[in-house]
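Visitor: A structural model of the following input is requested.
(one chain, ligands or ions: 1)
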Amino acid sequence: PLRSAAVGPLLSGSSGRSRRDAAAHPVPPRSPQALCSQPGRPKDYALPNASWSRDMLDLYDRFLAMTKEGLWKRIPSYNNVLDHIPGKALRGLPSRDTRLFLRSIEAEGVGFEYVMFLNSSEKRVVCLFQPGSYLEGHPGFAHGGSIATIIDSTIGSCAIFVAGRVMTANLSINYMSPVPLGSVVLVDSKVDKVEGRKVFLSCKVQSVDGGTLHAEATALFIQLDATKSQKQQASCQ
Ligand SMILES: CCCCCCCC(=O)SCCNC(=O)CCNC(=O)[C@H](O)C(C)(C)COP(=O)(O)OP(=O)(O)OC[C@H]1O[C@@H](n2cnc3c(N)ncnc32)[C@H](O)[C@@H]1OP(=O)(O)O
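Guide: Residues are numbered from 1 along each chain as shown. Purely as a prediction, here's the structure:
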């Protein structure tokens with residue numbers, strides 16, 4: 001089971017989804033370009049779409065209900081990293097025609113379908129992840145690199161929450177059980193300790209029913225040194 005009692009109940013119980021539930025989450029417009037082309041209004045991808053499975057929608061509903069209690073907050077998700085990270089963390093960086101890796105596949109359902117929720121008091125981020133068919137590694141299962149990517153991003157969001165501008169210095173993953181394409185897993189990350197610029201985190205990837213531990217990870221993120229990071233930016237331009 002996951003670490004928090006607040007999430008525990010999510011892993012049991014029926015995932016039955018009624019037509020009424022489906023109506024509560026109308027599928028967003030199919031023309032992301034139309035939304036993206038409006039200045040100041042990027043498309044938020046962390047919202048239900050027609051590719052989300054019953055398990056994904058059911059879990060989303062349950063987390064959304066917890067946001068109303070104030071413990072959890074849904075993290076919006078855009079296709080450009082500059083829109084992704086709130087606040088001042090990336091302010092001043094030049095805008096480029098780049099895309100966040102996880103949002104680089106435009107078609108719904110074939111790449112990374114995910115939504116993250118932040119629990120700020122627990123310094124914890126949980127990601128509901130449904131890997132699509134273009135993420136295949138071993139036939140029928142998600143590529144280990146795609147699992148690493150979703151872990152890095154979930155754990156990274158947690159690190160950004162506590163330390164602002166950070167980069168992954170170390171990510172160590174044990175893969176225990178393959179993740180079937182199209183299934184839904186919970187990527188549950190938390191901050192273990194902060195020592196100066198170093199943020200240590202850990203993460204578990206579990207099936208929705210909590211019965212399968214797919215992967216475990218630990219990570220070290222380093223808060224960027226302002227003087228050094230200016231040099232890094234310059235060298236990237
Ligand atoms: C949705 C959005 C989420 C996105 C999340 C995605 C995150 C990413 O993928 S980032 C991309 C992958 N990461 C990278 O490319 C990083 C490459 N590495 C670097 O740029 C640098 O090594 C960097 C920035 C991590 C650290 O460099 P720098 O700021 O110079 O730190 P430095 O002064 O050397 O070290 C600081 C401390 O950390 C320790 N440290 C640094 N790296 C490591 C490491 N790999 N392992 C253990 N300790 C380390 C140092 O020993 C030092 O410790 P102490 O203060 O006790 O002496």
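
Visitor: now Glu108, nearest residue through space, not along the chain?
Guide: The shortest distance from Glu108 to any non-neighbouring residue, by Cβ to Cβ, 6 or more residues apart in numbering, is to Ser51 (4.4 Å). For the C-beta atoms, the positions are set from N, CA and C on the backbone; glycine is no exception.

Visitor: so which helix or strand takes in the one you found?
Guide: In the assignment (DSSP states H and E), Ser51 maps to no helix and no strand.

Visitor: list the contacts for it?
Guide: 108-110, 113, 130, 132 (Cβ atoms under 8 Å, 6 or more residues apart in numbering).

Visitor: rerun at 7 Å
Guide: Residues counted as contacts of Ser51 (Cβ atoms under 7 Å, 6 or more residues apart in numbering) are 108-109, 113.

Visitor: pLDDT-wise, which helix or strand of this protein ranks last?
Guide: helix 32-36 (a mean of 39; mean pLDDT, DSSP states H and E).

Visitor: any idea how many residues pack against the nearest residue to Phe112 once chain neighbours are set aside?
Guide: Distances taken as Cβ to Cβ, 6+ apart put Leu102 closest to Phe112, at 4.3 Å, once the chain neighbours are dropped. Neighbour count for Leu102, taken as other Cβ atoms under 10 Å: 21.

Visitor: tell me the pLDDT at Leu102?
Guide: What the model reports for Leu102 is a pLDDT of 96.

Visitor: same check, this time on Ala226
Guide: What the model reports as pLDDT for Ala226 is 81.

Visitor: one more: Gly40?
Guide: In this model, Gly40 is scored at 61, pLDDT.

Visitor: could you measure from the residue lying closest to Arg99 once chain neighbours are set aside over to Ser202?
Guide: Using Cβ to Cβ, 6+ apart and skipping residues adjacent in sequence, the residue nearest Arg99 is Asn79, 5.1 Å away. Separation of Asn79 from Ser202 (Cβ to Cβ, to the nearest Å): 28 Å.
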